[in-house]
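K.L.:
test case, fold it:
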Amino acid sequence: MTRINTNVSSLLGQRVLNANNQTLSMSLERLSTGLRINRGKDDPAGLIASENLRAEIGGLDQAIKNAERADQVVNIAEGGLNEISSLLTELQALVVQTANTGGLSREELEANQLQIDSILQTVDRIASATSFQGLKLLNGNMDYQTESISSVVNSFKVNGAKLGFGETRDVQVLVTGSAQVGAMFLSLGGTSLDLGSQTDNFVIEINGADGARELSFASGAETSVMAETINSFTSVTGVKATAVNSGGAVGLRLESDRYGADEFAGIKVIDDGNIGAAADIGIYEYLADNALGVDASSHTDYATADNGLADYGQDVTATINGIVATTKGTNASINTDFLDVEIDLGYDLTSSSAAQLGAVNAFTILGGGADFQLASQVNIGGKVSLGVGNVAVRELGRVIDGTSEHLLKDLANGRGLNVVDGNREMAQQVVDEAIKEVSSLRGRLGAFQKNVIGATIRSLGVSLENTTAAESSIRDTDFAAQTAELTRSQILVQSATQILGISNSQPQAALSLLG
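P.N.:
Residues are numbered from 1 along each chain as shown. Prediction:
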C-alpha cells in the first residue's frame, strides 16, 4: 500500500534518528566532562550515592588537614618545652654546685642565685610567649577548668577529657583498698633501752627503699632519741621512726616515708645487746590497716632477727568513673578515649590511724583543653582532646613536705629554697620534680603526635583513597566503553540519516501511477 499524506516509514526514521542523536549527545557529553553522571536523570540512585561519597571525601580531606594543623601546634609547644627542659637541667647543675659551700664564697653563691633568678624568669617568659596564631600553648590556656575539688585530693592532672557541647563531667573515685606504708613496731620493754650491761650496744641496720644505715645505741638510750637518730638518716634509708607510748605499746614505730608496694621498712639486728627475751620485747607487725594496734601473734625475738625483717607497703586500689585505675602509692590514674586523669588521693585516705574506703567525688571538669577534630564526622567520637597545663614556675615542681608545699618559684631570691641561705636539699627535690613533670608532658605530647596524629593521618589517607575510588567508580566515565558507544552512535546516526532520506523519497513512487 502506497500513501502520500502519511509517511509512516519517515516517522519511524525520524524517531530512530532522534534517539540515536540523543545517545550520541550523551556520549559526547560524558567524554567531554569525564563524568558518567552529569545530572540526576543520568542515574538517580548513583547520583545520591556519589554526592554522599563526595561529602565524605570533603570531610576526610579536611580531617587530614586538621591533623596536620594539630601536629604543627604540638610541634610549637614541644619547642618551648624543649627549651624549658634545657633551662631546668642548667638549674639542676647550679643547685648541686651551690651545695658545695666549702668551696664557694658568698659572692659566688649570690652570683649563682642571680643565674637561678634569670632561669626562673626565662621559664615564665617561655610559658607565656609560646603561641600558635596568638593562642597561648603553655600558660594554662589549654588546660581544663575544674571545680568542687575534694579535700582528700592532694593533686590531680586532667590530660584529656571529651565533653559534649555544654557538658561537664564529674570525676568519681571508689577506693576499695587503702594505700599503706611498710611499718613494724620495736618493743623495747620501756621508754629507754635496758641492755645486759652498760658496755653492751644495741646495733641494728635500718633499711628501706632508698638504702640502709647501721646504727648503734647504748643502754639507757631513750626511744625519743633513737627516733631522732633514725630520722636523721631518712633521706638515706627512706625509713622514719616515731617514739610510741600509748595503748600499752611502748617502743619505736618504723615506717617507710612513702606509700606504696615498692616501699618498705626493714630492720636487721647485728647485736641485740643482751636486751633479753621478755614476752613483750621484740619486733611486731602491725594490724592489716597499719593502725597503731600491733599484731601480738607476729612477735619475733631480737636474737633471731639477724637475717633481717621487712614489711612492705601497699598501693591504693580504686576505680575512677567505673574504670579500674592504675595505681602507685596514693596515685590513681586512668587513660581512656574519653577521660585521661591522674589523681593523688592524699593522706586523708591513707592515714595510718584511719584508712578510709568508699566513694569520693574528686572534682568536676567544666571544660577547657584543646579539641582536635580528626574524623570526617563532627561528633564526640571523632574528636580528640588534649590538656596542656601551665608550665610557669608557680606551677612546676610541687613537693609536699608534711604540711608545707614547695614549688619551683621558691628557689627565687629571698624565698625559702634560695641557694644562698635556703634549704638546698628541698630545692634539689623541687627541681627534680619539675624536670619529671616537663619530661612527662613532652613524652605525652610526643605520644600524641606519634600514635594519635601520625596514625590518624595514615588511616584517613587510606580512607580518602578508597572513598575516592568508590565515588569514581560510580560517577566517572569509562572512556573505553564510552568511546565504543560513541562510535556505535555515530554509525547509527549516519545510517538513520540515510534511511530517513530513502523514506522521504518513497512517496514519490505514487506519481508514476498518475501517468
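
K.L.:
looking at it, S224 is touching T242, isn't it?
P.N.:
No: S224 lies out of contact with T242 (Cβ atoms under 8 Å); the separation is 9.4 Å. In this view, the C-beta of every residue, glycine as well, is placed from N, C-alpha and C.

K.L.:
residues in contact with S85?
P.N.:
435, 438-439, 442 (Cβ atoms under 8 Å, 6 or more residues apart in numbering).

K.L.:
tell me which element it falls in.
P.N.:
helix 44-98 (DSSP states H and E).

K.L.:
now that helix, how far from the centre of its chain.
P.N.:
The gap between the average C-alpha position of helix 44-98 and the chain average comes to 15 Å, counting by Cα atoms, centre = their mean, to the nearest Å.

K.L.:
what about it, average pLDDT?
P.N.:
Averaging pLDDT along helix 44-98 yields 90.

K.L.:
can you say which two of the contacts of S85 are spatially most distant?
P.N.:
The span of the contacts of S85, defined through Cβ to Cβ, is set by I435 and R442 at 10.6 Å.

K.L.:
returning to that earlier point: and the next element down the chain from the helix holding S85?
P.N.:
Where DSSP H and E defines the elements, the next helix or strand beyond helix 44-98 is helix 106-129.

K.L.:
tell me what the host helix or strand of A265 is packed against?
P.N.:
Assigning secondary structure by DSSP H and E places A265 in strand 264-271. On a contact count with 3 or more Cβ pairs under 8 Å, 6 or more residues apart in numbering; DSSP states H and E, strand 264-271 meets strand 183-187, strand 201-208, strand 249-256, strand 309-312.

K.L.:
now for those, which one comes closest to L60?
P.N.:
With Cβ to Cβ, the closest approach to L60 among those belongs to strand 309-312: 53.0 Å.

K.L.:
given the strand holding A265, what are its sheet partners and their directions?
P.N.:
strand 201-208 (antiparallel), strand 309-312 (antiparallel) (DSSP bridges).

K.L.:
can you name the residues in contact with the shortest one?
P.N.:
Yep, that's strand 309-312 we're talking about. Taking Cβ under 8 Å, 6+ apart as the rule, strand 309-312 contacts 182-184, 207, 261, 263-268, 283, 285-286, 300.

K.L.:
let's see 6 Å
P.N.:
Strand 309-312 is contacted from outside by 182-184, 264-267, 283, using Cβ atoms under 6 Å, 6 or more residues apart in numbering.

K.L.:
quick revisit: tell me the most buried of the strands paired with strand 264-271?
P.N.:
Most buried of those, by mean neighbour count (mean count of other Cβ atoms under 10 Å): strand 201-208, with a mean of 21.

K.L.:
all strands of the stretch 201-350 of the chain, in order?
P.N.:
Ranges of strands within the stretch 201-350 of the chain are 201-208, 212-218, 239-246, 249-256, 264-271, 282-286, 294-300, 309-312, 317-320, 323-324, 326-328, 331-335, 339-344, based on DSSP state E, counting those that start in this stretch.

K.L.:
kindly format the C-alpha coordinates of stretch 243-263 as CSV.
P.N.:
Coordinates of each C-alpha in stretch 243-263 appear next as CSV, following Å, rounded to 0.1, in the frame of the first residue of the first chain:
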residue,chain,number,x,y,z
ALA,A,243,58.5,7.0,119.6
VAL,A,244,55.3,5.3,120.8
ASN,A,245,53.9,5.2,124.3
SER,A,246,50.2,4.7,124.2
GLY,A,247,47.6,2.0,124.4
GLY,A,248,50.0,-0.3,126.2
ALA,A,249,52.5,-0.1,123.4
VAL,A,250,55.9,1.3,124.3
GLY,A,251,58.8,1.4,121.8
LEU,A,252,59.5,2.6,118.3
ARG,A,253,57.4,2.6,115.2
LEU,A,254,59.4,2.2,112.0
GLU,A,255,57.7,3.1,108.7
SER,A,256,58.6,3.9,105.1
ASP,A,257,58.3,7.6,104.5
ARG,A,258,56.3,7.0,101.3
TYR,A,259,53.3,4.9,100.5
GLY,A,260,53.1,2.0,98.0
ALA,A,261,54.0,-1.6,97.3
ASP,A,262,57.6,-0.6,96.3
GLU,A,263,58.3,1.0,99.8
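
K.L.:
what comes into contact with it?
P.N.:
Here stretch 243-263 makes contact (Cβ under 6 Å, 6+ apart) with 179, 181-188, 208-209, 223-224, 227, 234, 238-242, 264-265, 313-315, 328-330, 350.

K.L.:
whichever of those end up buried, select them in ChimeraX.
P.N.:
To isolate in ChimeraX the members of the contacts of stretch 243-263 that are buried, counting by 16 or more other Cβ atoms under 10 Å, one can use:
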select :179,181,182,183,184,185,186,187,188,208,209,223,227,234,238,239,240,241,242,264,265,313,314,315,329,330,350
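
K.L.:
didn't K240 look like it was pressed against N231?
P.N.:
Yes: the pair K240 and N231 qualifies as a contact (Cβ atoms under 6 Å) at a distance of 5.3 Å.

K.L.:
how about the nearest residue to S463, chain neighbours excluded?
P.N.:
Leaving aside its sequence neighbours, S463 sits nearest to L60 (Cβ to Cβ, 6 or more residues apart in numbering; 5.6 Å).
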